[in-house]
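> Pasting the sequence and the predicted coordinates here, then a few questions.
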Number of protein chains: 4
Amino acid sequence: MLRVGIIGATGYTGEELISILLKNPKVKITYLARQQDVKENIDKIFPKFFKKISLPCQKFNLPKALELCDLLFLALPHTTSMEIAPSLLKNNKIVIDLSADYRLKDVNVYQAWYCKVHKDSLNLKNAVYGLPELYKEKIKKAKLIANPGCYPTAAILAIAPVLEAGLIDKNNIIIDAKSGVSGTGKKLSADLIFSEVNENFKAYKVNEHQHAPEINQVLSDLAKEKIETTFVPHLVPMYRGILETIYLKLKKKINLEAVTRIYKNFYKNEPFVRILEANLPETKFVAGTNYCDLGFKLDQKKNLLIAVSAIDNLIKGASGQAVQNMNILSGFKETEGLL
Amino acid sequence: MLRVGIIGATGYTGEELISILLKNPKVKITYLARQQDVKENIDKIFPKFFKKISLPCQKFNLPKALELCDLLFLALPHTTSMEIAPSLLKNNKIVIDLSADYRLKDVNVYQAWYCKVHKDSLNLKNAVYGLPELYKEKIKKAKLIANPGCYPTAAILAIAPVLEAGLIDKNNIIIDAKSGVSGTGKKLSADLIFSEVNENFKAYKVNEHQHAPEINQVLSDLAKEKIETTFVPHLVPMYRGILETIYLKLKKKINLEAVTRIYKNFYKNEPFVRILEANLPETKFVAGTNYCDLGFKLDQKKNLLIAVSAIDNLIKGASGQAVQNMNILSGFKETEGLL
Amino acid sequence: MLRVGIIGATGYTGEELISILLKNPKVKITYLARQQDVKENIDKIFPKFFKKISLPCQKFNLPKALELCDLLFLALPHTTSMEIAPSLLKNNKIVIDLSADYRLKDVNVYQAWYCKVHKDSLNLKNAVYGLPELYKEKIKKAKLIANPGCYPTAAILAIAPVLEAGLIDKNNIIIDAKSGVSGTGKKLSADLIFSEVNENFKAYKVNEHQHAPEINQVLSDLAKEKIETTFVPHLVPMYRGILETIYLKLKKKINLEAVTRIYKNFYKNEPFVRILEANLPETKFVAGTNYCDLGFKLDQKKNLLIAVSAIDNLIKGASGQAVQNMNILSGFKETEGLL
Amino acid sequence: MLRVGIIGATGYTGEELISILLKNPKVKITYLARQQDVKENIDKIFPKFFKKISLPCQKFNLPKALELCDLLFLALPHTTSMEIAPSLLKNNKIVIDLSADYRLKDVNVYQAWYCKVHKDSLNLKNAVYGLPELYKEKIKKAKLIANPGCYPTAAILAIAPVLEAGLIDKNNIIIDAKSGVSGTGKKLSADLIFSEVNENFKAYKVNEHQHAPEINQVLSDLAKEKIETTFVPHLVPMYRGILETIYLKLKKKINLEAVTRIYKNFYKNEPFVRILEANLPETKFVAGTNYCDLGFKLDQKKNLLIAVSAIDNLIKGASGQAVQNMNILSGFKETEGLL
C-alpha cells in the first residue's frame, strides 16, 4: 500500500485528489496539510467527506510528512511548491507537483510569467512534464513530476498528432479556450463571486495567460523548433470543464477521415483519450472523468482544421492526471481508480 | 401615436419587444398575434406583464391587423414571415421582420440554408438590412426591414471599420462566437432543457450555421468582393448575451491606439456602439441594453487583431435593434425608449 | 429637479439605485460616494454605465454632499449609516437609509442582533419604516426613512391583510424564505464564490437571521400585541429574487375566494402589489420590477393558509422601494420611473 | 456475477443506474431497453459512456430480457412499469421498480393520484417499499421492490425517528421541499427548458404532488394511525439535489442534544444516513453520493423542531437506493459500489 500525502488539501485540486484517491485500492491517504495554521479534521472542512475519511489537516510539518508518506502531491499555489519540494526530494520522497513551479524549463521565462525568481533550478532540470500520452517513458522513472496545467493539457493533446505528422502551419495556431471557474483555483477574488460569474461570459488575460508559455514550450519541444501560439482564454459560467476550439492551418488538402485516422493511431494505446466521430466534444461528456475528448471539423474553403478538445479541468486537467502519473511511476495499472 | 402590432408575441423576441415598446412614449401596442390558435390575454401568457399591459393574443387575423396597426413586427420563425409580410406590405403597412426571411438577397442561398423555396422575391428586393450603424439612410426610407441576426450584428459591427479601412486580410477572418440559449429561440428542443445546458459548454453547427451566409453577404457588400469567413458558434450555459472573439490578420503593423482611433471615428455618431478602452467587453455589461460593446487586443508576434464584441442577443441582436429601426424610419429620436 | 446623492454607490443596491434613478425624469444624480478612499468614475467601476452616466465616485465628504444634494440614499452596510445620517439630517437633508440602522425601534434589540451600540437614538425615534403599502401617510412627512429589509418586505405584505382581518393564529406563523445571493450584499465571502453557490441549496441562519426581529416588530405593531414568527431563510443558486412560502393557521374555515378578496381589497389602491389568481408567484415574474406578487393555496384538512410572496430583492426589497419612498415624500407620482 | 438489465435506460435514473452499476464488481449490465423503437448503442445516446460500456439499447423484448437477466430495474414513467413487471415476476426474475406503480398499497389512492386504474393488484400486495433504513428485513426476501420516490425518501428519513419516539404532534407536520430539476424526470416540457428554470424559483403542485400520499402512507404505517402532512414542493435552478425543511411540533420540551441522540441511535447501523452536528445539510454535501444527511434546529419559543434533510435525488432518491436494495436482497454488502 502506497502511503500518500497531500500538501494543500483544502483547495479545489486537493479536494478532488482526496475524492479520487479514496477510490484507489493501491494507496492510503496518510497525511494532509494546508497553508493556514489551523488544525481541523478534513471532514469538517469538507462535510461531504464525513464518514468517508477522517484525518486531521494542518500546517505543513516536514518530519511528519517524511515519516508518514512515500509520495506527496503538492496542490499549492504557484511559487509555493518550490519552497517545499526540495526537502522532500532530498529525503527520497516522490513528488507530484500540481503547481506551475517545475513546468517551465527556462527560469527566465518562469520569472517573467510568475514574477518570482526560481529557487530550485537544480530539481527543475530533472522534473518530468507529466503528460502521460507524450512522456510516459520518462514518467516511469521520474522522482519529480511537473503536472501539466489544465489549458495546456487540452491544447497539447489536440495539437500534437497533426504537428508531429507535419500537417499544419506552425506559425498559425489559434487556441480559443473556455473554462469553468474552478480553473482559476479557490480564492477569494471579487471576480469569482457568484454575481460576477453567473449569467456572464468574458475573455480574460488575452495573450497574457501564464499557460501560454507552457503550451509553447511543449509544442516547441515536439516540433523541435520555436512555436508561438495565439492563446485566448474565456470564463464560462459553470463550475468545471474546459473546451478549446483550436484553429490550425493545414499545409495541404486532407479529408476528415484521414485526419481522424491520424489521431486514432496516435492515441491507440492511450486509455484516456477518446476520438469522437459521431459528434463534437462537450464538457458534460467528460465531467467527473479523466478523459480528454477530441473531435474535428474542416473548413475546406480556408483549409483550416478546427479541433475541439474537452477535459474536466479538475481531473484530466489536474488531480486525475496527477493520479495517472502516480499510477505510472508506481508501477500500478495506469487506469487504477480512475475509471 | 404610432400603432404597432407584434405577430409572434409569445416567443423570446416577442416578449422582449413588448417590454421595450412599453417604455416608448411614441408608440402604442394595439395588436398581438401568435401562431397557436388559442386566444389568451398576454398577461396570462407572461404573468410578468400583469397590470402592465392587458391585450388578447390570438391567431393572426389580417383584417384586424390592418385595422389596428400602422407598423408590424414579425417575430416569427424563419420561413413563416414570408407568408404574412406580402399582404401587410400590399396594404401599405410598415413591416419589421425579425426572422431571416428577407435578409439573404440571393434566393438560392436562402434556399440552401433554410431548406425552403423563397416565396416573396418581389419584396425581398426592396427589403433593407436593418443594421442602423451601416445602413441608416436606407432604413429611413424603408417599408420592409430585414432585422439582422444576433451573431451577424455582433460580428459585422466588429469587423466593418477595419475592413473598410483596408487593414485586414479578407481571406483570414475567424469568428469564434458564444451565445446564451435564448439565441436559439423558444422551442421545445431536447438540447435546450435545463439539464442539457446547465454546467455544459459546447460548439455546435461548426461552419454550418445559417448566420454564416448573412455575415458573408454583408461583409462582401462592404468590401465589394466576395468574403467567406470561418464561423464557429458555441452554446454558453446562460440565458442572454453573445460574445464573439474575432481573429483578424492585419496587413501591416499597427498599434492598439491607432486601431481604437479607427473604431471610435467610424462609430462617432452612433449612440449604441461603445468602444471600450480600459477593459474588454463582457456580456453582463450589455445585458438588458441595446449597446454593442467592442474591445481590442493585438497579438504583435502574429500581427493579429483580436476584436471582442458583446451584445444582448435579444436586444441589440433582435428586439432592441428592431425598435431602433422603427424609431429611425418613423422619424423618432433613434434612442427613444431604448436607453 | 431633485438633486440626489448615493452614499455607498458601489454595492448591489447602490448600482441598482443608479439604474432606477436614471429612468426618473424628476431627479438628477449629483453625487456618488463610496467607502474606499479611491476616486474613480462610476462608469469605470460599472462598465455597463459607460455613456449612460459619468460622475466621479469617491470617499464620502460632508460639505460636498450638503452642497450638491437635496436628498441622500444611504446604501451602506449595517452600523455604518448611523455614523453619517445625523449630520445630513441636521443640515435639513432628506435621508433614505437602506441599511438596518433605523429600522428597529428598540435599541436593545438592535444591539442584540447587530452587535453594536446604537449611536443615534434621537433620529431613530423619528425614523419612518418605509413600507408604503402600510405607512404611506407617515412617509409623506418623513425626513428619515428606514427602508425595509428584503425578507421583511415580502413577509409583511403577505401576512398583514389576514393578520389585520383577525383571521390567523398569531402564534403559528412559519416563514420559509428563499433568496438569491444578491440578498446578502456584495462582499468577498467564501460562502458567495461561484463554486459554493452554484448547484447548491441550503438553509442558513435558521431562526438567527437579523430580519426576524424586524418582521416581528412590524407584525406586532399591526396586531398591537407581541408576535414572534418562525423564520427560516435559504440560499438559492441565482442572482436576484426572493420567494417566501408562509404557513398561517386559520382561526376558522374560509375558502380561497374569500381569502383572495381580502387581499385584493387590502391592496386595492397599491400600484406595486399584484394578487395572482391564475397561478402562484415565481421570482422571474417580478425580476427587474418593483412589484410584490402574492398568491395563495389552502390546506383544507389542516386549515392552513399557504401564502406565497415574491419580490425582486434588489428592487422592491431595496432600491426600488427606496425610490418609491422618495417619490411619495417628494410629492412625485408614486410610480415615477418605476414602471 | 449477477446479470442485470435496465428497462428505461435513456432517462435520468437509467443513466445514473448505468454509472453506479459500472462501479459494482458483483454485477454485469447485460441488457438495456428503452421506450422508443430505435436501436442505438448506449454510448451513442450518452457519449459520456464511450469506451466505458458498449451495449445496444432498444425497445423492450421480453424473451431477450428473460434470457439475459437475473434482475431487472424498471426506470420507466409512472403507469408504465405495471405493464411489464408481471411477466418478469412470473418468470422468476427479481424486479426493482423505480416508478410509483407499486408504492401505494391502496389502488384507489393510486388511481386518484396517477389517473389510471391499477392493473396489477396481485403483485402490488407483495411489493416491498424499498426504504432500507426502515424495511431491511422485508427487502432481503423481496421479489418486487417499489423503490421510494425522491421527496418521500428525504422526508420519511427525517421524520421517522421522532415519530416513532412519540415526540411530535402527528397533526402538525409541514414539509417545505426544494428540488433540482432532474427530480421531474427527463421530458420535453416547456417548464423545463433552460430559460424557464434558470434564475427562477417557484412553488409548484402545492398540496397536489403525487408524493404526498406516499409520504402519508409510510408515516401512517409507522405511527399505526392515519397521518396527513402538508407538503409543498419547490423547483430550484440546479440539476440535482433535494433539500427539505420540515417543521415538527414537539409535544414536550426537549433540547438539541437529546434530539440528536435519538436520531443517531435510530440510524446507528445505517451506512447511508449521516447525522450532522457542526452544520446543517446542504445539497452539495450529498451530490453524487447515496447519503441522506440530516441536521436539526429548535425554535424554543414555539417548541418546533426544524429538521433539514438533504439527498441527491438521482442517487439516494432513485438509482443509488435501487442498487442499495439490489445489494441487500442479493446478499451483497449493502454499500457495494455505492461509496
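Yes, it's here.
> which residues of the stretch 101-250 of chain A score low on pLDDT?
For the stretch 101-250 of chain A, no stretch has pLDDT under 70.
> and it, which of its residues are near chain C?
Taking Cβ under 8 Å from any Cβ of the partner chain as the contact definition, the stretch 101-250 of chain A meets chain C at A:181-182, A:186, A:188-190, A:192-199, A:237-239. Bear in mind the C-beta positions are built from the backbone N, C-alpha and C, glycine included.
> Could you say which helix or strand holds the closest residue in space to A:Glu164 that isn't next to it in sequence?
Nearest non-adjacent residue to A:Glu164, counting by Cβ to Cβ, 6 or more residues apart in numbering or on different chains: A:Leu222, 6.1 Å away. Using DSSP states H and E, A:Leu222 maps to helix A:211-223.
> Over to A:Lys170?
Counting by DSSP H and E, A:Lys170 is part of strand A:168-179.
> wait, does that strand contact chain B?
Yes - with Cβ under 8 Å from any Cβ as the criterion, chain B is reached by strand A:168-179 at A:171-172, A:174, A:176, A:178.
> Okay, A:Phe60 and D:Ser87: tell me how far apart.
63 Å (Cβ to Cβ, to the nearest Å).
> Which one of these two is surrounded by more residues?
Neighbours per residue (other Cβ atoms under 10 Å in any protein chain shown) separate A:Phe60 from D:Ser87, with A:Phe60 holding more: 21 against 12.
> How about the backbone phi and psi for the more buried one?
phi -60, psi 130 (degrees, to the nearest 10).
> neighbours of the nearest residue to it once chain neighbours are set aside, just the number please.
What sits nearest to A:Phe60 in space, not counting adjacent residues and going by Cβ to Cβ, 6+ apart, is A:Ala33, at 4.1 Å. Neighbour count for A:Ala33, taken as other Cβ under 10 Å: 25.
> Confirm A:Ala33 sits in a strand?
Yes - counting by DSSP: H, G, I helix; E, B strand; the rest coil, A:Ala33 is located in a strand.
> Any idea what it is bridged to?
Assessed by DSSP bridges, A:Ala33 has beta-bridge partners A:Ile7, A:Gln58.
> That one against A:Ala9, yeah?
Yes - counting by Cβ atoms under 8 Å, A:Ala33 touches A:Ala9, with 6.6 Å between them.
> list residues touching both of the two?
A:Cys57 (Cβ atoms under 8 Å, 6 or more residues apart in numbering or on different chains).
> For stretch A:93-113, buried residues please.
A:93-104, A:109-110, A:113 (16 or more other Cβ atoms under 10 Å in any protein chain shown).
> circling back to that earlier point, you'd agree the residue nearest to A:Glu164 is up against A:Val162?
No - the pair A:Leu222 and A:Val162 does not pass the contact test of Cβ under 8 Å, sitting 10.8 Å apart.
> Of those two, which one has the most company?
For A:Leu222 versus A:Val162, neighbours defined as other Cβ under 10 Å are more numerous around A:Val162 (22 against 16).
> element containing the residue of the stretch 51-200 of chain A found nearest chain D, please.
Here the stretch 51-200 of chain A gets closest to chain D at one residue, A:Lys51, 5.6 Å apart by Cβ to the nearest Cβ. For A:Lys51, there is no enclosing helix or strand under DSSP H and E.
> A:Leu22 is in contact with that one, correct?
No - with contact defined as Cβ under 8 Å, A:Lys51 does not reach A:Leu22; the gap is 11.6 Å.
> near chain D, which residues of chain A?
Checking chain A against chain D by Cβ under 8 Å from any Cβ, the hits are A:44, A:47-48, A:50-52, A:199, A:271, A:274, A:276, A:278-279, A:282, A:284-289, A:291, A:293, A:339.
> same thing but 10 Å
By Cβ under 10 Å from any Cβ of the partner chain, the residues of chain A that approach chain D are A:19, A:22-23, A:41, A:43-44, A:46-52, A:198-199, A:271-282, A:284-289, A:291, A:293, A:295, A:339.
> Of those residues, select the buried ones using a ChimeraX command.
The buried residues among those can be selected in ChimeraX (16+ other Cβ under 10 Å) with this line:
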select /A:19,41,43,46,47,48,49,50,52,198,199,271,272,273,274,275,276,280,281,282,284,285,286,287,288,289,291,293,295
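> So which of the residues of chain A next to chain D sit within strands?
A:41, A:273-275, A:293, A:295 (DSSP state E).
> Mind giving me the packing neighbours of the helix holding A:Leu222?
If you count contacts as 3 or more Cβ pairs under 10 Å, 6 or more residues apart in numbering or on different chains; DSSP states H and E, helix A:211-223 packs onto helix A:107-114, strand A:128-129, helix A:132-140, helix A:150-164, strand A:168-179, strand A:230-235.
> Any idea which of the ones you listed gets closest to C:Thr229?
Distance to C:Thr229, taken as Cβ to Cβ, is lowest for strand A:230-235 among these, at 41.1 Å.
> which element follows the closest one toward the C-terminus?
From strand A:230-235, the next helix or strand downstream (DSSP H and E) is strand A:242-250.
> tilt between that next one and strand A:230-235?
160 degrees (axes from the mean of the first three to the mean of the last three Cα atoms, to 10 degrees).
> Report whether the helix or strand that comes right after strand A:242-250 contacts chain B.
Next in sequence after strand A:242-250, counting helices and strands by DSSP H and E, comes helix A:256-266. No - Helix A:256-266 stays clear of chain B (Cβ under 10 Å from any Cβ), getting no nearer than 11.6 Å.
> CA atoms of helix A:256-266 as CSV?
Provided in CSV are the C-alpha atoms of helix A:256-266 (Å, rounded to 0.1, in the frame of the first residue of the first chain):
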residue,chain,number,x,y,z
LEU,A,256,-11.8,14.4,-42.3
GLU,A,257,-11.4,10.7,-42.3
ALA,A,258,-7.7,10.9,-42.8
VAL,A,259,-7.4,13.4,-40.0
THR,A,260,-9.4,11.2,-37.7
ARG,A,261,-7.2,8.2,-38.6
ILE,A,262,-4.1,10.2,-37.6
TYR,A,263,-5.5,11.0,-34.2
LYS,A,264,-6.8,7.5,-33.6
ASN,A,265,-3.5,6.0,-34.5
PHE,A,266,-1.5,8.4,-32.4
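> residues from the stretch 51-200 of chain A in reach of chain B?
For the stretch 51-200 of chain A, the residues in contact with chain B (Cβ under 10 Å from any Cβ) are A:171-174, A:176, A:178-180, A:195-200.
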